[in-house]
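*Asks:* structural data only, the sequence is not supplied:
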């Protein structure tokens, strides 16, 4: 099978090396140097250019090169009846959970205050060094559930929310119409939802009005899930106590953004977790084999429901 890779601003050479390491029978072609587009049966994508699907007439599989698929399912030229799959990587979960724990600890252990004390040469042993937290994970899929499990192991009070009913013997998971109950029980909100038309602008004033006062926000999902103006406004009016953000409406974050200088917002450049090629390529190859053999694909997306 001929594989096409379309991933601008990605280290493609590493991906090609790993593909060759695992299979010398496959032919890997890289956009835009693909000469015969009709030979490409599997497209591996990450933030591909708009309209590129129109150029491929013989696709049998479309595979994201990461956990996110919003760049694929939101393409209006996405061909119908072609399976779309994502990567599910234990190393992605490992890195994401570590990031979420770091952000929770930053708030819980008042690191901002003690960093400021160091700068001002203040020795404060009177102030209690911890903020009591009850953590709510909005989006209890593979990444959210892994973070929840590890936070629970560390002794934190954790609840989750999922659109569909899920069971976890250690963590209460709200679902369906229980969203407001979920919000009322927490003071740290961790957002791990996928980006879909239903989650667009989710983290905005309408949601923030349902939170307890002084809730701390951590967003590791997608930038278009949040409304940055509302985040800033609700921090400034005291409804949110602060935010730890890894994703942004526009990336790179524009220089004129107020987020850069806001003292209650911590940021990282969308690197909470990154795909490991050694873990991703075997999944893609496995799905190609399954496709050829007529077997069920792993991590296939329900395109209609956008996740």
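*Replies:* Thanks, I have the structure now. Here the structure is a predicted model, which means the values were calculated and not measured.

*Asks:* need the per-residue pLDDT for residue 110.
*Replies:* If you check residue 110, the pLDDT there is 98.

*Asks:* got it, and residue 50?
*Replies:* So residue 50 comes in at 89 (pLDDT).

*Asks:* the residue lying closest to residue 242 once chain neighbours are set aside: how many residues sit nearby?
*Replies:* Counting by Cβ to Cβ, 6 or more residues apart in numbering, residue 264 is the residue found nearest to residue 242 once chain neighbours are left out, at 4.0 Å. (C-beta placed from N, C-alpha, C; glycine too.) Look at residue 264: counted by other Cβ atoms under 10 Å, it has 15 neighbours.

*Asks:* could you do residue 196 as well?
*Replies:* The number of residues near residue 196, taken as other Cβ under 10 Å, comes to 18.

*Asks:* I'd say it and residue 304 touch.
*Replies:* No: Residue 196 sits out of contact with residue 304 when judged by Cβ atoms under 8 Å, with a separation of 10.7 Å.

*Asks:* the stretch 1-150 of the chain: helices as residue ranges?
*Replies:* 12-22, 70-73, 90-108, 111-119, 142-153 (DSSP state H, counting those that start in this stretch).

*Asks:* what average pLDDT does the last one get?
*Replies:* Across helix 142-153, the average pLDDT comes to 97.

*Asks:* cool, the first one as well?
*Replies:* Mean pLDDT, computed over helix 12-22, is 94.

*Asks:* ok, stretch 203-219 next?
*Replies:* Stretch 203-219 comes out at a mean pLDDT of 98.

*Asks:* numbering from 29 from now on, please.
*Replies:* Done: numbering now begins at 29, and the last item shifts to stretch 231-247.

*Asks:* and the contacts of that stretch?
*Replies:* 128, 131-132, 135, 161, 207-208, 211-212, 214-219, 253-255, 258-259, 261-262, 266-275 (Cβ atoms under 8 Å, 6 or more residues apart in numbering).

*Asks:* tell me the contacts of the residue nearest the centre of the chain?
*Replies:* Nearest residue to the geometric centre of the chain (Cα atoms, centre = their mean): residue 249, 3.5 Å. With contact set as Cβ under 8 Å, 6+ apart, residue 249 has these partners: 167, 219, 220, 221, 222, 223, 227, 275.
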